[in-house]
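1. one predicted model, sequence on top.
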Amino acid sequence: MAKEKVITSKDVHLYYGDFEALKGIDLDFNKNEITALIGPSGCGKSTYLRTLNRMNDLIPGVKITGDIRLRGQDIYASQQDVVQLRKQVGMVFQQPNPFPFSIYDNVVYGLRLAGVKDRSVLDEAVETSLKQAAIWDEVKDKLHDSALSLSGGQQQRVVIGRVLAVQPEVILMDEPTSALDPISSTQIENMLLELRGQYTIILVTHNMHQASRISDRTAFFLQGRLIEFADTKKIFLDPTEQETSDYISGRFG
Amino acid sequence: MSAKSIDKLMTGMLYLIAGVIVLLLAGLLGYILVQGLPHVSWHFLTSPAKSFEAGGGIGIQLFNSFYLLVLSMLISVPLALGAGIYLAEYAKKNWVTDVVRTAIEILSSLPSVVVGLFGFLVFVLQFKFGFSILSGALALTMFNLPLLTRNVEDSLRQVGFTQREAGLALGLSRWETVVHVVIPEALPGILTGMILGAGRVFGEAAALIYTAGQSAPALNFGDWNPLHIASPLNPFRPAETLAVHIWKINSEGIQPDAAAVSAGASAVLIIAVLAFNLLARWGGNRLYKRMTAG
């Protein structure tokens, strides 16, 4: 049985001025799976990730062609509400970027701005999201302390909780553990494994081990092209392309 | 000489220079306070000035200074916020915004006496506001606006791009990101700049001599209808401020106790400006703590 596809993209090209950073990417993402995007620095995997919630719109001089659809809706259509899109497609960045407010306020930020005022609803959202983000036990007694007082790994989990609180359909993660120590990274990987099956997660990572451990499918990018896309097991154990095999065995990149 | 002894010598030099500067400033402040404070009393702070005899106070001037300050901040703060937010968050980099920025730079270094003459020609004569609080407040706005705008823009720019990304990625619109993420983070800096600007405005004399005027007509502090001529709130009455008063007494004062009044007024002015500075630091820190810990 074919799995339900949440995001489909066809022939995605992206130009920074004259430079073609993405050279025709075709990639689909299955519902409630973790898809890893791997490849050497500058291969376009982060750039591609950012086309999925239109974060590249912020950069002047960027031109995007092709067809990207979320549940069949063209997200680059002129009537697409970008703000609405980003509520459906949340994002976690490389550097933990909590707002300089309390942990509680960070998590309910999206909800409050969406007009939720009921204290009990907010309280419950905080508890649920922080539990899902595997940080509840560490912060439940200091929810009103500044989020900046936490360690980097804790901050990143609070940020993930903040994204979960607005209940997106898809979560984009741009190297979410590369600024963290190994223990924090493992905690976040375990948390992502817990979230698998509930959320569609697209994860850019430099860490082969991370990709092979937690993702269902893996896409290998090289110089703006998608070289290979298959089940993670196949990519790591029996890649079809020579370049993929060279990269995952550490011969370059 | 060896590198080590040169290092010692230079360190000593820097200490010496820093010490001289501190001594100079402390001496200046101390002199003004020691000379002036003995003349400051409740009577001095509340009674009207006298032109020919001794025993005049600075009550009306003090009130005028505060009223003018409030009025000019009421005009300039919203404008500076709007312009600063536009420049930091929305303006594209092109020749128009370059011209705006250059204009702000030039305006911020404009001598205040030139601002005063501009205000005299435009507000006092052209708009027929006369020598009035309104003319003075508008001139002070011209004087203050460039620095305030720069301060707002700089404070907003200090907020990292990752914070904006975080807001936008969370599904906030650009405006929501600016209002709910960027401005709260920049608020302590903005507030500090505003209070320091207030201190600068409070001590300003040259821009006011030809706009708010050099006379302080008697006020009826029982009448708060802004339309009455003797009302303290009337924006169309001439209003000599504390700083202008000090300048006037020293240049043409004929009161027998002119020197004492001038010294006392100076001390009051310095204390007020000092209070603004301390308030800026205290308020900024406190606000930052409050904002960051919810």
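-> Nice, thanks for sending it over.
2. grab the nearest non-local neighbour of residue B:59.
-> Spatially, and ignoring its direct neighbours in sequence, residue B:59 is nearest to residue B:46 (4.4 Å; CB to CB, 6 or more residues apart in numbering or on different chains). (Glycine included, C-beta is placed from N, CA and C.)
3. what about that neighbour, neighbour count?
-> By other CB atoms under 10 Å in any protein chain shown, the residues close to residue B:46 number 14.
4. then residue B:231?
-> Residue B:231 has 17 nearby residues by other CB under 10 Å.
5. near chain A, which residues of chain B show up?
-> Applying CB under 8 Å from any CB of the partner chain, we find that chain B lies next to chain A at B:92, B:160, B:162-173, B:176, B:180-181, B:184-185, B:291-294.
6. of those residues, select the buried ones using a ChimeraX command.
-> The ChimeraX command for the buried members of these (criterion: 16 or more other CB atoms under 10 Å in any protein chain shown) is given here:
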select /B:163,164,165,166,167,168,169,170,171,172,173,176,180,181,184,185,291,292,293,294
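7. picking that back up, ok, now how distant is the residue nearest to residue B:59 from chain A?
-> According to CB to the nearest CB, to the nearest Å, residue B:46 and chain A sit 44 Å apart.
8. these two touch, right, that residue and residue B:57?
-> Yes. Counting by CB atoms under 8 Å, residue B:46 touches residue B:57, with 6.2 Å between them.
9. OK, contacts around the residue nearest to residue B:60 when sequence neighbours are not counted?
-> Excluding its sequence neighbours, the residue lying closest to residue B:60 (CB to CB, 6+ apart) is residue B:216, at 4.5 Å. Contact partners of residue B:216, counting by CB atoms under 8 Å, 6 or more residues apart in numbering or on different chains, are B:48, B:49, B:60, B:61, B:64, B:238, B:239, B:240, B:245.
10. which stretches of the chain have low pLDDT?
-> Just going to use chain A. Along chain A, segments meeting pLDDT under 70 span A:1-2, A:252-253.
11. my question was about chain B, not that one.
-> For chain B, applying pLDDT under 70 flags the ranges B:291-294.
12. where do the helices sit along it?
-> Taking DSSP state H, the helices of chain B run over residues B:3-36, B:42-46, B:59-85, B:95-108, B:112-119, B:133-158, B:161-169, B:174-177, B:183-202, B:206-209, B:242-252, B:258-292.
13. next, the angle helix B:59-85 makes with the fourth one.
-> So the one you mean is helix B:95-108. Here helix B:95-108 runs at an angle of 160 degrees relative to helix B:59-85 (axes from the mean of the first three to the mean of the last three CA atoms, to 10 degrees).
14. elements contacting helix B:95-108?
-> For helix B:95-108, the packing partners by 3 or more CB pairs under 8 Å, 6 or more residues apart in numbering or on different chains; DSSP states H and E come out as helix B:133-158.
15. who in chain A is up against chain B?
-> So far as CB under 8 Å from any CB goes, chain A lies against chain B at A:53, A:55, A:58, A:60, A:83-88, A:90-91, A:93, A:95, A:97-102, A:104-105, A:109-110, A:113, A:144-146, A:148, A:159, A:162-163, A:166.
16. residue A:11 should be in a strand, yeah?
-> Yes. Under DSSP: H, G, I helix; E, B strand; the rest coil, residue A:11 falls within a strand.
17. next, count neighbours for residue A:90.
-> The number of residues near residue A:90, taken as other CB under 10 Å, comes to 26.
18. now the residue in the stretch 51-200 of chain B that chain A sits nearest to. Nearest residue, chain neighbours left out?
-> Using CB to the nearest CB, the closest approach of the stretch 51-200 of chain B to chain A is made by residue B:171 at 3.3 Å. With CB to CB, 6+ apart as the criterion, residue B:171 has its nearest non-adjacent residue at 3.3 Å, and that residue is residue A:87.
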